[in-house]
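Asker: Take a look and give me a structure for this.
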Amino acid sequence: MIYRIKFSCDDVDDFRRVYEADSDATFLELHSAILQSVGFPDDQMTSFYMCNDRWEKGQEVTLVEMGSNFEYDNMVMESTRLSELLEESGQRMIYIFDPMNERYFFGKVTDILPGICNGVVCTEHEGDAPAQILQEDNVTAAKTNDWDIDDDFYGDSQYNDGDFDFEGFQDLSFDDGSMF
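Answerer: Sure thing, here's the model as predicted:
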């Protein structure tokens with residue numbers, strides 16, 4: 001069987017990638033094809049999650065062996081075949097490409113076709129991929145735009161050492177272990 005899987009991203013409106021994957025291919029092969037098609041280096045702890053119709057995370061497939069989760073089996077990309085988790089057209093998954101900022105590619109199995117193909121191949125691509133990792137300036141800008149954070153919220157521009165009350169803190173010592 002051949003899975004046709006379409007990925008998109010909320011960060012970039014015109015971003016789209018379509019892959020055709022043999023059912024015997026592994027999630028590691030899909031991961032590698034995604035990285036190659038978007039030009040990302042393979043230096044992040046990425047994961048796939050199977051999702052329901054509301055994009056809620058279910059079974060995780062990790063890049064490397066991780067600790068056990070009581071709700072789901074521990075599945076690793078290298079040893080997990082697509083056919084183990086992809087069962088029907090319309091099935092959804094997310095691919096976390098920026099784990100520190102929880103940014104995803106949203107994937108959907110659009111077709112399951114008879115036949116055999118060699119591994120995983122990107123068959124359609126549209127638009128440029130977003131930056132893999134948000135730089136701190138972009139994160140700050142995104143947070144400021146999303147939540148309208150005021151830079152003076154914590155009073156850092158009006159801080160005065162004389163405003164701090166040291167009473168009660170002079171007896172604390174972290175050197176002698178008396179705190180614990």
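Asker: how about the helices in this structure?
Answerer: Assigned by DSSP state H, the chain shows helices spanning 27-38, 82-85, 136-147.
Asker: buried residues in the shortest one?
Answerer: This points to helix 82-85. Neighbour counts over helix 82-85 (16 or more other Cβ atoms under 10 Å) mark 82, 85 as buried. In short, each C-beta sits where N, CA and C put it, glycine included.
Asker: And the contacts of it?
Answerer: Outside helix 82-85, the residues within contact range by Cβ atoms under 8 Å, 6 or more residues apart in numbering are 1, 3, 21-27, 30, 50, 59, 61, 75, 93.
Asker: Farthest-apart pair in those, please.
Answerer: Spatially, the most separated pair among the contacts of helix 82-85 is 22 and 59, at 20.4 Å (Cβ to Cβ).
Asker: Where does the prediction get shaky in the protein?
Answerer: Low-confidence segments of the chain (pLDDT under 70): 67-72, 136-180.
Asker: centroid residue for it?
Answerer: The residue lying closest to the centre of the chain (Cα atoms, centre = their mean) is residue 96, at 1.9 Å.
Asker: How much space separates that residue from residue 89?
Answerer: Taking Cβ to Cβ, to the nearest Å as the measure, residue 96 falls 23 Å from residue 89.
Asker: again with residue 48
Answerer: Taking Cβ to Cβ, one finds residue 48 at 18 Å from residue 89.
Asker: Residue 94 touches residue 49, doesn't it?
Answerer: Yes: when contacts are counted by Cβ atoms under 8 Å, residue 94 is listed as touching residue 49 (5.0 Å).
Asker: who touches both of those two?
Answerer: Joint contacts of residue 94 and residue 49 (Cβ under 8 Å, 6+ apart) are residue 57.
Asker: picking that back up, among the contacts of helix 82-85, which ones are buried?
Answerer: Neighbour counting by 16+ other Cβ under 10 Å classes 3, 21-23, 25-27, 30, 50, 59, 61, 75, 93 among the contacts of helix 82-85 as buried.
Asker: Need the residues you listed in CSV (columns: distance to residue 102).
Answerer: Formatted as CSV, the buried ones among the contacts of helix 82-85 follow (distance: Cβ to Cβ, whole Å):
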residue, distance to residue 102
3, 25
21, 25
22, 30
23, 29
25, 26
26, 24
27, 19
30, 20
50, 17
59, 18
61, 17
75, 20
93, 15
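Asker: quick one: which of those is nearest residue 108?
Answerer: For those, the nearest to residue 108 is residue 93 (7.7 Å; Cβ to Cβ).
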